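Participant: model this:
(chains A, B, C and D)
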There are 4 protein chains.
Amino acid sequence: MDIGFVGLGRMGLAMASNLGRAGHRILAWNRSPVAGDAVVNGTIAASPEEVLGADVVFTMLSDDAAIREVVLDGDLLSHAREGLVHVVTATISVDFAGELADIHAARGIGYVSAPVFGRPDVAEAAQLNIMAAGPAEAIARVTPLFDVIGRRVFVMGEDPRTANASKVAGNMMIAMAMEAMAEAAAITEAHGVERGAFLDLMTQTLFGCRVYENYGGKIVAGDYEPGFRLALGLKDLRLASEAGEAFGKALPMLGAVRGQMQAAADAGRGEQDWSAIAAHLLGS
Amino acid sequence: MDIGFVGLGRMGLAMASNLGRAGHRILAWNRSPVAGDAVVNGTIAASPEEVLGADVVFTMLSDDAAIREVVLDGDLLSHAREGLVHVVTATISVDFAGELADIHAARGIGYVSAPVFGRPDVAEAAQLNIMAAGPAEAIARVTPLFDVIGRRVFVMGEDPRTANASKVAGNMMIAMAMEAMAEAAAITEAHGVERGAFLDLMTQTLFGCRVYENYGGKIVAGDYEPGFRLALGLKDLRLASEAGEAFGKALPMLGAVRGQMQAAADAGRGEQDWSAIAAHLLGS
Amino acid sequence: MDIGFVGLGRMGLAMASNLGRAGHRILAWNRSPVAGDAVVNGTIAASPEEVLGADVVFTMLSDDAAIREVVLDGDLLSHAREGLVHVVTATISVDFAGELADIHAARGIGYVSAPVFGRPDVAEAAQLNIMAAGPAEAIARVTPLFDVIGRRVFVMGEDPRTANASKVAGNMMIAMAMEAMAEAAAITEAHGVERGAFLDLMTQTLFGCRVYENYGGKIVAGDYEPGFRLALGLKDLRLASEAGEAFGKALPMLGAVRGQMQAAADAGRGEQDWSAIAAHLLGS
Amino acid sequence: MDIGFVGLGRMGLAMASNLGRAGHRILAWNRSPVAGDAVVNGTIAASPEEVLGADVVFTMLSDDAAIREVVLDGDLLSHAREGLVHVVTATISVDFAGELADIHAARGIGYVSAPVFGRPDVAEAAQLNIMAAGPAEAIARVTPLFDVIGRRVFVMGEDPRTANASKVAGNMMIAMAMEAMAEAAAITEAHGVERGAFLDLMTQTLFGCRVYENYGGKIVAGDYEPGFRLALGLKDLRLASEAGEAFGKALPMLGAVRGQMQAAADAGRGEQDWSAIAAHLLGS
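Facilitator: This next block holds a predicted model:
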């Protein structure tokens, strides 16, 4: 299949190359220049417009603003081949996903929201967890491609917003798990329990899962190399908060964790891994 | 060994009977009357004083006040056999654990704090996780007994407070995990994602561990039969908050989750399972 | 001047009658029937459409939904006399104010947002504080009418949303002042200070202003007759929270006070005065 | 009367000199050296022990630790003249006030907690508001002195802790008022309302009292010269939080404002005026 790919950060590059390795022809474009052979079985396009000639286009840009600028301001969709399906894998706002869905529908272009769970090394290993949502026929078209880049696909619904809401809610749960470990370590350290001993106890009893093991390990080691930058984590908590307004009641733990993430950013930790929210509280 | 056991609620009964099954002679006492054969290989004492004649005494009462009334107000320790080790498995406050340690030390009685993770069915299956702390020789005396009633013992330190701090911090993390699921479900449901679909996604990807699986299942099913009463969970969050004052900085997520648990109690859910904190937010 | 008035609750009735008393001819309409002579110098219209024939129309309905139903769903604006200025005095959302402004501009009708501070007795005494925003010429047309019903007019800007944002932020500050008194009373009562003695100290030293004096008095007296219903106060905190998303950072005290107001509503206090947020915390 | 005075910071110096001006003989001591004529009608003692020979001793040190070091570690009270009344005007913890009361009672020395509201310029003008608590006879002895240094005395009770609880609760209310203004300004600025216009509206309508006028003025001017250092304000919120544990329920707005004050301190604002909590949120 001819696949267009917009956005070649470390995540995008890994996804595009995995698609190339599976035999698809990739035509890719990135805002800043990249090497001509950066993508396996791929070519770098001179302009984003060229990319729209593919059967399926993936977009992995950083946020709403980047997609608005590249896709909408440049009226990129006017270059779409008939039958195109556009897959947006970035973590964008729920409202913007709805706006994109409307714009695509008005032009007869398939639109799928497909945000992912997984850091770059997970993307490289083709082990992403993918939340996909959009019209059934569009989903059906791109599911074989999801199988190439991911470990598993969860179809959330026909409304693309369901996938984006799930993604921001999931990231919120990760942030809460990290802050939970930090607050628990604060309590126990204040009474003489070593951080590593306490977090080992927790992961070996009640919390024996990836999020606690991975981020707990970083917190114990004091290793805050990203990973996923805290500034981006803060953006995702803002998206969760905006999405949560639709619920109509306050979400107090979201308010608390967002406040702590903001405080960590204000104290200069925005470029560290987002698990540095723990370092902000614990002071190391 | 002769083992005294004070407090025969469902947790205490299970622990005492498991000790009896292992061949120990149990002399037990409970504030309200129980059947003479309630404890396997055990006898029911006429008064708590009798129980103090054992080699090791376990106390599993509900809170600080109950232990203060039974043990301290009645000056129970004046009846202790020489060499006694007293094991308090209840979830008590960190400060009270320190007070008990001092009182026992002044009388030459061994004191061990040994709170546990596990509901009554886990206690019955002898699969408790036990956090133990106290002087090394006292710990050594009772470790074989912990092996009988538990799945694993974590020795937290020589200061008994380390075990109690770990217990309240751990319970706090469970409460935060439940509220995290509730707030995430609130966001996603508001955008059309079914609660079960979202929580399945989470436990099958990032949060594949007991706390999320068990309580997530209760939240999806709307099954809030206790289990562990919300009123007790609220007490434990108060203990965590008190213990956290020693840290010297605010713990914002603890404040948030305690507020939600309090609101659920105020709205009449104190006798439900503590996972009903989710029902409070989600309205079902 | 011919003045139309939609919405004859206790606030609306007081404002309309004050305008009538000043010599204006009032043509009023209410969703539920009212007595023909309810408004001084006024007539009750058979339909809301009739009212639109006036020079200026005031709308004092309860919320976004009520205005959407009466004004937009019924396409009421198609009946507007040329040169009409429409003044919306209700506490509506900032976003809806923007939408109303656009709709009126598209039809060449003047639009003014003019939410007020003041309870019904203040409205009856023509002592409201009015925050007004809209195009300068429209504001100029209705300022003489504001002088009739209010104590003072604050013109916030040409964008109607400025007035609505100010109103919800102001109501948020009142709610925070009430919860501040409640939390302070909780701390001092726990150490033996009588509620009245503490709040007197505060209003006689640092907080000698209306909000603290009035609501402090209600809290001490335990008098939670509305006044302003807690359910409406909770709605206004939701509006503040939605408006606050535009700021892009969490507002933690807003999250906290909204959570408490929600908890009070969940515990059955929605029909009490909103100062019952204090009773929720203090338990009386 | 012979008056001893320990602690000659700007507050202490003002209070001591006002007592001297009223004709009392002051014997003062400070941890760091001060000029011999620093206190009107006063002498600087060579050691704190000398000071205890007075009829009444005032202590105005910064916190629990300073008083513990100077008064308790040095066993200063063993030098007390018979009939001495010791007045502690510092903002100390409620628990420490109770401890001091017990220690003084055991030695037959009168003890009065008398924290004050007012910045140094208010102390210099002898316009402090004083919250006093202690045994009636001790209070009676020192009330004439309070009349010299203050505008008004509020006797809170016979238990000294009542005064300290009132002080920390009052300071908490000030911090909440500042954060309330900051969050409200955040909402309104995000919709185009100038900060000064909004805060003027508030102080001219609902919030026409000192705390809002003074701190609102500082927030509008962006003037964060102390004043009262943010680091001390943060300490007082910690004291409020500790005192609040006696209430037994979470105080969510206290948690929120303490978190914001902590974040402002972490971001480097500890030496600014505590109204810089607003600058932390608003970013200027």
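Participant: spell out the secondary structure type for the most centrally placed residue in chain A.
Facilitator: Central residue of chain A (CA atoms, centre = their mean): A:T91, 4.5 Å from the mean position. Under DSSP: H, G, I helix; E, B strand; the rest coil, A:T91 falls in the coil class.
Participant: compute the number of surrounding residues for A:M178.
Facilitator: When neighbours are counted by other CB atoms under 10 Å in any protein chain shown, A:M178 registers 28. For every residue, glycine as well, the C-beta is placed using N, CA and C.
Participant: that one touches A:S275, doesn't it?
Facilitator: Yes. Contact criterion CB atoms under 8 Å: A:M178 and A:S275 qualify, at 5.3 Å.
Participant: now for those two: what residues contact both?
Facilitator: A:215, A:219 (CB atoms under 8 Å, 6 or more residues apart in numbering or on different chains).
Participant: now chain A against chain D: closest residue?
Facilitator: Proximity of chain A to chain D (CB to the nearest CB) peaks at A:A263, 3.5 Å away.
Participant: count the residues that sit near that residue.
Facilitator: Around A:A263 there are 25 residues (other CB under 10 Å).
Participant: distance check, the residue nearest to the centre of chain A against A:Q127.
Facilitator: Distance from A:T91 to A:Q127, counting by CB to CB, to the nearest Å: 18 Å.
Participant: scan chain A for its longest helix.
Facilitator: Looking across chain A with DSSP state H, the single longest helix is helix A:161-189.
Participant: now do the next helix-or-strand element following that one: distance to the chain's middle.
Facilitator: Proceeding N to C from helix A:161-189, the next assigned helix or strand is helix A:195-204, under DSSP states H and E. Put simply, helix A:195-204 sits 28 Å off its chain's centre (CA atoms, centre = their mean, to the nearest Å).
Participant: and helix A:195-204, which residues are buried?
Facilitator: Buried residues in helix A:195-204, counted by 16 or more other CB atoms under 10 Å in any protein chain shown: A:195, A:197-203.
Participant: likewise for stretch A:149-159?
Facilitator: Of the residues in stretch A:149-159, those buried (16+ other CB under 10 Å) are A:149-151, A:153-157, A:159.
Participant: ditto for stretch A:184-195
Facilitator: A:184-191, A:193, A:195.
Participant: out of those, which are close to chain C?
Facilitator: With CB under 8 Å from any CB of the partner chain as the criterion, these include none near chain C.
Participant: now A:I130: phi and psi?
Facilitator: Backbone torsions of A:I130, given as degrees, to the nearest 10, read phi -120, psi 130.
Participant: next: A:T43.
Facilitator: Torsion angles, degrees, to the nearest 10, at A:T43: phi -120, psi 150.
Participant: which element is the closest residue to it other than its chain neighbours on?
Facilitator: Distances taken as CB to CB, 6 or more residues apart in numbering or on different chains put A:L27 closest to A:T43, at 5.5 Å, once the chain neighbours are dropped. Using DSSP H and E, A:L27 sits in strand A:25-29.
Participant: any residues touching that strand, and which ones?
Facilitator: Contacts for strand A:25-29 (CB under 8 Å, 6+ apart): A:1-6, A:8, A:16-17, A:19-20, A:34, A:38-45, A:47-48, A:50-51, A:53-54.
Participant: okay, the residue nearest to the centre of chain A: pLDDT?
Facilitator: Listed pLDDT for A:T91 reads 94.
Participant: for it, give me its contacts.
Facilitator: Taking CB under 8 Å, 6+ apart as the test, what A:T91 contacts is A:63, A:115, A:164, A:167-168, A:171, A:236, A:239.
Participant: and with 7 Å instead?
Facilitator: With contact set as CB atoms under 7 Å, 6 or more residues apart in numbering or on different chains, A:T91 has these partners: A:115, A:167-168, A:236.
Participant: got the residues of the stretch 101-250 of chain A near chain C?
Facilitator: A:238, A:241-242, A:245, A:248-250 (CB under 7 Å from any CB of the partner chain).
Participant: roughly how far apart are the residue nearest to A:T43 and chain B?
Facilitator: 31 Å (CB to the nearest CB, to the nearest Å).
Participant: go on, A:R229?
Facilitator: From A:R229 to chain B the distance is 19 Å (CB to the nearest CB).
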